[in-house]
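Visitor: predicted model and sequence follow; I will ask about them next.
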Amino acid sequence: MPNLVTLVLQITVIIAASRLVAVLFQRMHQPKVIGEMFAGIALGPSLLGWVAPHLSATLFPASSLGFLNALSQVGVVIYMFLVGLALNPKELRKHGHTAVLTSHVSIIAPFVLGASLALFLYPRLSDDSVGFTGFALFMGAAMSITAFPVLARILTDRDMLGTKLGSLAIACAAVDDVTGWCILAYIVLVVRAYQGHATPFWVTVGGLGAFLLLMLYGVKRLLRGFETSFSRQGKLSENKLALLTVVVMASALTTERLGLHLLFGSFLAGVIMPKDRKFVRYVLDRFETVTVVLLLPLYFAFTGLRTSVRLIKGDEMWLFCGAIILIAIVGKLGGSMTAARASGGRWRESAGLGILMNTRGLMELVILNIGLDIGVISPTLFSMMVLMALVTTFMTTPLLEWVYPLRLLRRETAGAESAAEPEYEMA
Amino acid sequence: MTRRKMIVAYACLVGLPLLGLLGILHAGQRLKAPVSVAGAWNLKADFNAWAGKPCGELLSKIKQPFFTISQSGNGLMVALNSAPAATLTGSVKGTSLIAGADAPQSSAGADNCSSPDKIHLAATVEGQAPSRALTGLLSLNACAGCAPIAFHAVRQSARPEGGR
């Protein structure tokens, strides 16, 4: 079968499966992204490859996965730009000390616990191509991530964006995202230096410094020009949108060439974009539909094809997997809750914040795929961590409903309607 | 929250764990992980030893890279580059590597060379990462007349394909 036909068939099956499962999950009051994640896993060796190996081999032959991977990576490059675009530093300023303390604790607590777990997992699930420092830092970073877009979606669905808890959670998640990606950039440098990567360490660090300066003092000015043009005409011309895409792709390519990863560049391009509410909404609308409906499901499916729950064999492996999930929850949920409480929050609010910050979603999958690509985690550990991402994301809505029921939320937000208008949200 | 309380809370909840992290990173330097063998391997062996037997044909059906190893700690999955695809499971302990069929077939004793998953590998890992080599014996389960043959394999790439 020609590769193009295979690819089109794969896209058809993936989108159909992803929409179907997403609808089922929405009926369970879950964000659709969780359904899409589950659909991706189901199309891989964990389910389809297990119950119908011949169908799986016909639909996803190993030789065709390069095309699927390339297409899905383009999707994530654009998606990371949108995540960066939706981040707004103003959110942080609203909450001052509380947001700084809570977000930093919500990173450091799971980070330290993840690194502690690495002491146990490194001799059992890693190999000597990775140094302990890189492995432990990666485990910490993977445990401490929060899915900013999924969090925004949950808050929007529950009409919580205008509440104190909702806006604090968004502020903390924004800080978490930026900090998490900075830490991950450092980890990629450490791991690639250990593995003797082709790009010398000093080239990466020096190049990154120069690139950051260029982005902050040169490209940012160009992007402000887009905003000015939008505010004058109420839209961006096709040429300007094309130029914006070129900026995102060039930024992604630069970080890749410097020895980091494509996604750091696209995220940075989004972060430095102007943050005028209407402008951000306009750009999100232009890029979001194709990315979220077409390309991201491919990424979930590609992640699913790399995830095999069957690699987690035997009681010992399942014990490791259970420990990873438990530590991820204790670190993130417990850490955020403790910090919020120490900052003067009520128990219910603090617990709600902890539950929200424990949402990992797609961002976790992105980080795990980077980890698997650069060889810092093994396929088995990757599968365990994917399960952790699914469990922690899935538990958010029911736990939040238990701790912060909608009826209570409505009572608290009554009279504060004007404050409840969301800045902008991502699908 | 007063500024002073904030500083104390920050020191306790962020500063102390950071010190703990440094301690963990220091303690972890003493840990040793299993030898890395993940990646695609080219294999050289004298397959003429099995000439004239169905098993000789079996080996000729496997292309280079002869196998690709996916590793998680000591555990290995060895995917042979054959059609139909066949996967062996194995382990690496110290510098000793073994791999074979996950569940041995019941056809022991009879010459049965139809499936590549009858291959069994026992080898020693040599060299420093990333350029590793394997030297050992390749044998066939369920093939009484096939004496094990010596092989030497060189790692072509340190990571299996499928990533970026």
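Guide: Cool, got the structure. Worth saying up front: this structure is predicted, and the values here are computed from it rather than measured.
Visitor: for the rest of this, base every contact and every neighbour count on C-alpha atoms.
Guide: OK.
Visitor: low pLDDT regions in chain A?
Guide: A:1-2, A:89, A:91-96, A:161, A:197-198, A:412-427 (pLDDT under 70).
Visitor: flag every residue of it that's near chain B.
Guide: Residues of chain A lying close to chain B (CA under 8 Å from any CA of the partner chain) are A:65-66, A:69-70, A:97, A:101, A:104-105, A:108-109, A:112, A:115-116, A:119, A:122-129, A:132-133, A:136, A:195, A:339, A:342-344, A:372-373, A:375, A:378-381.
Visitor: now do the buried residues in the helix or strand containing residue A:78.
Guide: Assigned by DSSP states H and E, residue A:78 belongs to helix A:65-86. Buried residues in helix A:65-86, counted by 16 or more other CA atoms under 10 Å in any protein chain shown: A:65, A:68-69, A:71-86.
Visitor: spatially nearest residue to the residue in the stretch 1-150 of chain A that chain B sits nearest to (excluding sequence neighbours)?
Guide: Proximity of the stretch 1-150 of chain A to chain B (CA to the nearest CA) peaks at residue A:125, 3.8 Å away. Nearest non-adjacent residue to residue A:125, counting by CA to CA, 6 or more residues apart in numbering or on different chains: residue B:73, 3.8 Å away.
Visitor: then residue B:29?
Guide: residue A:132 (6.2 Å).
Visitor: run a quick neighbour tally on the one you found.
Guide: 29 (other CA atoms under 10 Å in any protein chain shown).
Visitor: go ahead and confirm it touches residue A:122.
Guide: Yes: contact status for residue A:132 versus residue A:122: in contact at 6.9 Å, counting by CA atoms under 8 Å.
Visitor: now do the SS call for residue B:82.
Guide: With DSSP: H, G, I helix; E, B strand; the rest coil as the basis, residue B:82 sits in coil.
Visitor: from residue B:68, how far off is it?
Guide: Look at residue B:82 and residue B:68: by CA to CA, to the nearest Å, they are 11 Å apart.
Visitor: shaky segments in chain B?
Guide: Along chain B, the model assigns pLDDT under 70 to residues B:1, B:54, B:102-115, B:130, B:142, B:158-164.
Visitor: longest helix anywhere in it?
Guide: helix B:16-28 (DSSP state H).
Visitor: what lines up beside the very next helix or strand once past it in the sheet?
Guide: Counting by DSSP H and E, the next helix or strand C-terminal to helix B:16-28 is strand B:39-45. Here strand B:39-45 has these sheet partners by DSSP bridges: strand B:67-72 (antiparallel), strand B:149-157 (antiparallel).
Visitor: one step back: who has more neighbours out of residue B:82 and residue B:68?
Guide: Set residue B:82 next to residue B:68 and count neighbours by other CA under 10 Å: residue B:68 wins out with 27 against 20.
Visitor: quick revisit: just the buried ones from the residues of chain A next to chain B?
Guide: For the residues of chain A next to chain B, buried by 16+ other CA under 10 Å: A:65, A:69, A:97, A:101, A:104-105, A:108-109, A:112, A:115-116, A:119, A:122-129, A:132-133, A:136, A:195, A:339, A:342-343, A:372-373, A:375, A:378-381.
Visitor: how many other residues sit next to residue B:43?
Guide: Neighbours of residue B:43 (other CA under 10 Å): 19.
Visitor: and the gap between the closest residue to it other than its chain neighbours and residue B:139?
Guide: Nearest residue to residue B:43, sequence neighbours excluded (CA to CA, 6+ apart): residue B:153, at 4.2 Å. Distance, residue B:153 to residue B:139, using CA to CA: 15 Å.
Visitor: what values do phi and psi take at residue 61?
Guide: Because you didn't say which chain, this covers chain A. phi -60, psi 140 (degrees, to the nearest 10).
Visitor: wait, chain B was what I had in mind.
Guide: phi -80, psi -20.
Visitor: ok, residue B:76 next?
Guide: phi -130, psi 150.
Visitor: what about it, neighbour count?
Guide: For residue B:76, the count of nearby residues is 21 (other CA under 10 Å).
Visitor: any idea how far stretch A:173-188 is from the chain center?
Guide: Counting by CA atoms, centre = their mean, to the nearest Å, stretch A:173-188 is centred 11 Å from the centre of its parent chain.
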